[in-house]
Every structure is written in C-alpha cells, then in structure tokens.
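Q: coords below, sequence missing:
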C-alpha cells in the first residue's frame, strides 16, 4: 500500500482567532467556528459571526479539531471563519475525492491524538497534519472506498435513529398513561437512598484490576444503562470491605455531581458505586423500578432538580434533596402495564442494537482493510 503525506491530497489552512470585537450575533460577516463545540452531526452549527475574519474555510472543506479533543471532524457547508481550535483541509480534486479524504483522516485520529502536546490541553500543529500519511489510491479506487464506507455509515445512522425513536415511543407512552390526575409522593417514601462508601476503603486507581466486581461512576452511565466498555473493576476482597454503595439488579443509579440527574437501570447482579452516584432502591410494594426509571426524567423532576441545585456553578445534589422529589405514583397495575410495554420495546431495541454493533464492527474492519 503506497502512502503519501496529507499535503499531496489537500491544502492545509490552520485557523486563527480574530479580535473578539468582531464577534456578533447579527449575521454580520461570516459564521465563526472556534472548535469542536460548534460541530454538529455532519456540518457545524452557527452560534456567532465574525465581521473581520482572519482565516476562512471554503464550502466543502473538511474541518478538524486540533485542540482537545483532537480529531473531531465536520464539513463546512458555507464559507466560514475558523479559530485556532480548527484546521481546514481543502481537497485537491485532481488527486483526491473529498469523502475519501474524510475517511482517511478519520482513520488517523488515534495517531493524531497520540501526537498531541501540552500540559493542560493537548493540541497538534500544522507539521503534525502535514506529516500524516494516508494511502495513495487512484481516484476510481477512492470513490469505491468512499461509496462503501458511506453506505455503511448511512445504515449506522438509520439504526441509531431507530433506537432513538424507540426511546421516544416509551417516553410518549409514559406521558399518555400518566400525564394527568396522578397522585404524587416524595421519592424517599418509596425508595431507599444508598450512597457510595466514602470511608478509608473507598477504591482508588491502585485498587482497580482487569476483571472483578464493577465499580461504576457517572461516566459509565450511557443511554440509561451501565456501559462496560471502559469499566473499572475491584477485587472481591475490596468489595467485601465496602460498608455501603453496593448495588444489585433493578437498582437505579442517579448522578449527584457533574451531570446532575443522569441515571441508569442496573441490569446485572451486583457492583459498587463511586461517590458521585446514589443508589435508588425501590423498597415499597407501591412502586416498580421500571416505572421509577422513567418517572425521574420527567420535566417536573427536572424543575425540582434545578431548584435543588439552586443555580450553583458547581453542579451538586444531596441525597436528601433527591429524597424530597415529588414523583407521580399511579396504581401498581398501571405501572405493571407500562413495564410490560417497556419490556416489549426493549426487545425491539435489543435487535436494532445488535444490528448496529455488527455494522460498527463492519466499518472498523473496512477501515482497517482500506487504511491499515
């Protein structure tokens, strides 16, 4: 596989931030993108404009974040001003298919991240990009590769959209069943609150082992479940020393710090929680965990959460404030009806997720095949 530097396929334009006095929200000048915070799914989202741009990217340029996080990418869909957190790659259409360049660069993100420098925020410079090597396929081969990967990406996008629609279906059903005239109780009256162990036995980095008992923090809560892809584990001996914070199946984990209100349902037998989480355990026959999971993400609870945090710049909740939440409590029969509906939707969602995993594995395999 013959390799050539990135500059053989495109022109490189490093961003530079203009004077803040030229920023505006009145559509004067060009859209201004400072970094990956301005990125959308494919194209960047306009928040501010710049009346005197210094560095300009053209429509169709590939925008890449060169400061933490390194490697996020979007495609400019109009001329725009780029700040120092971005670089723009303008494809040379005599040597490169735009979409091919996008995928080739995507395949080098891990390498770019590894080359980042800086004590606080990692960044890469122009030379790092210039020296990046990608395969030198013919234009026809590039087009075939681009088409194949694009079709795979479209299927991945559709599968993710299906998962999202199924989630929305459950939330809509919740509102339909429990929207009005439902009595409320304080959460603490039907739920036990269990904090993580904060004592001398609290696990730290040196206690983590390759496999063992899951030790779950807020970052492990993804899409309402516990994500094991970057899980920390502790030994059975360390787990036995913990005085509290031990979870079990059907517990709900609720975030008290940082991403307030983020939560997940435990669908495995046991584990322990970090101090950023509290365990909500249904201890009353009047409530089902499958109902409670959705009851604590309603707009009413969101308002109570904000009031409990009191607008603090350091997002923080106490277990006592969570106990005081007023939640809806319909009849147990209604809850069971809703839980059965959720179980059926979850079966469909599992099938879609399994398909999604296969597609993502296929894409990784194709990326390895094409780009090494």
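A: Yes, it's here. Keep in mind that what you see is a predicted model, and the values were worked out from it rather than measured. Numbering: from 1, shown residues only.

Q: From here on, just use CA atoms for contacts and neighbour counts.
A: Will do.

Q: Which parts of the stretch 151-300 of the chain are helices?
A: 236-241, 289-295, 299-309 (DSSP state H, counting those that start in this stretch).

Q: which one of those lies closest to residue 149?
A: helix 289-295 (36.6 Å; C-alpha to C-alpha).

Q: list the buried ones in the closest one?
A: 289-293, 295 (16 or more other C-alpha atoms under 10 Å).

Q: got the contact list for residue 86?
A: Residues in contact with residue 86 (C-alpha atoms under 8 Å, 6 or more residues apart in numbering) are 14-15, 33-36, 63-67.

Q: where does the nearest residue to it once chain neighbours are set aside land on pLDDT?
A: Closest residue to residue 86 apart from its sequence neighbours, by C-alpha to C-alpha, 6 or more residues apart in numbering: residue 65 at 4.6 Å. Note for residue 65: predicted pLDDT of 97.

Q: ok, now residue 311?
A: On the pLDDT scale, residue 311 gets 61.

Q: Residue 290 now?
A: On the pLDDT scale, residue 290 is placed at 95.

Q: Over to residue 305?
A: pLDDT, residue 305: 91.

Q: got any ranges where the protein has weak pLDDT?
A: By pLDDT under 70, the low-scoring segments of the chain are 310-313.

Q: looking at it, which residue lies furthest from center?
A: The outermost residue of the chain relative to its centre, with distances by C-alpha atoms, centre = their mean, is residue 94 at 37.0 Å.

Q: any idea how far that one lies from residue 324?
A: As for residue 94, its distance to residue 324 is 65 Å (criterion: C-alpha to C-alpha, to the nearest Å).

Q: contacting residues around the residue nearest to residue 86?
A: Shown in contact with residue 65 (C-alpha under 8 Å, 6+ apart): 35-36, 71-73, 85-87.

Q: buried set for stretch 71-79?
A: Buried residues in stretch 71-79, counted by 16+ other C-alpha under 10 Å: 71-76.

Q: Name the member of those with the shortest distance to residue 21.
A: residue 76 (23.8 Å).

Q: My guess is that closest one contacts residue 57. True?
A: Yes. Under the criterion of C-alpha atoms under 8 Å, residue 76 makes contact with residue 57 at 7.4 Å.

Q: residue closest to the middle of this protein?
A: Residue closest to the mean C-alpha point of the chain, counted by C-alpha atoms, centre = their mean, is residue 222 at 7.5 Å.

Q: is the closest residue to that one other than its chain neighbours in a bridge, and if so with what?
A: Using C-alpha to C-alpha, 6+ apart and skipping residues adjacent in sequence, the residue nearest residue 222 is residue 264, 7.4 Å away. Residue 264 has the following beta-bridge partners by DSSP bridges: residue 253.

Q: Any figure for the gap between the closest residue to residue 328 other than its chain neighbours and residue 294?
A: Distances taken as C-alpha to C-alpha, 6+ apart place residue 184 nearest to residue 328, at 4.3 Å, with adjacent residues excluded. Distance, residue 184 to residue 294, using C-alpha to C-alpha: 15 Å.

Q: related to what we said a few turns ago, farthest pair in the contacts of residue 65?
A: Taking C-alpha to C-alpha, no two of the contacts of residue 65 sit farther apart than 73 and 85, at 11.7 Å.

Q: all helices in the stretch 1-150 of the chain, in order from the N-terminus.
A: Per DSSP H, counting those that start in this stretch, the stretch 1-150 of the chain carries helices over the ranges 98-106, 109-114, 126-130, 139-178.

Q: and of those, who's closest to residue 305?
A: That would be helix 139-178 among these, by C-alpha to C-alpha, at 19.0 Å.

Q: What residues sit buried inside that closest one?
A: Quick answer for helix 139-178 (16+ other C-alpha under 10 Å): 142-143, 145-146, 149-150, 152, 155-156, 159, 162-163, 166-167, 170-171, 174, 178.

Q: and residue 182, how many neighbours does it have?
A: 12 (other C-alpha atoms under 10 Å).

Q: contacting residues around it?
A: By C-alpha under 8 Å, 6+ apart, the contact list for residue 182 reads 328-330.

Q: Mind putting the residues you listed into CSV with neighbour count and secondary structure?
A: Output for the contacts of residue 182, formatted as CSV (neighbours: other C-alpha atoms under 10 Å; DSSP: H, G, I helix; E, B strand; the rest coil):
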residue, neighbour count, secondary structure
328, 23, strand
329, 22, coil
330, 17, coil
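
Q: Nearest to residue 105 among the residues you listed?
A: Distances from residue 105 to these, taken by C-alpha to C-alpha, are shortest for residue 328, at 49.6 Å.

Q: That closest one and residue 18, how far apart?
A: For residue 328, the distance to residue 18 - C-alpha to C-alpha - is 52 Å.

Q: same check, this time on residue 5
A: Applying C-alpha to C-alpha, the value for residue 5 to residue 18 is 29 Å.

Q: do residue 60 as well
A: Here residue 60 is placed at a distance of 22 Å from residue 18 (C-alpha to C-alpha).

Q: tally of neighbours for residue 342?
A: Look at residue 342: counted by other C-alpha under 10 Å, it has 20 neighbours.

Q: actually residue 350, not the one I wrote
A: Neighbour tally, residue 350, other C-alpha under 10 Å: 12.

Q: Surely residue 58 is in contact with residue 82?
A: No. The criterion here is C-alpha under 8 Å, and residue 58 misses it with residue 82 at 10.3 Å.

Q: Would you format the buried residues of stretch 71-79 as JSON lines with distance to residue 243 included?
A: Converted to JSON lines, those look like this (distance: C-alpha to C-alpha, whole Å):
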{"residue": "71", "distance to residue 243": "43"}
{"residue": "72", "distance to residue 243": "42"}
{"residue": "73", "distance to residue 243": "46"}
{"residue": "74", "distance to residue 243": "48"}
{"residue": "75", "distance to residue 243": "52"}
{"residue": "76", "distance to residue 243": "54"}
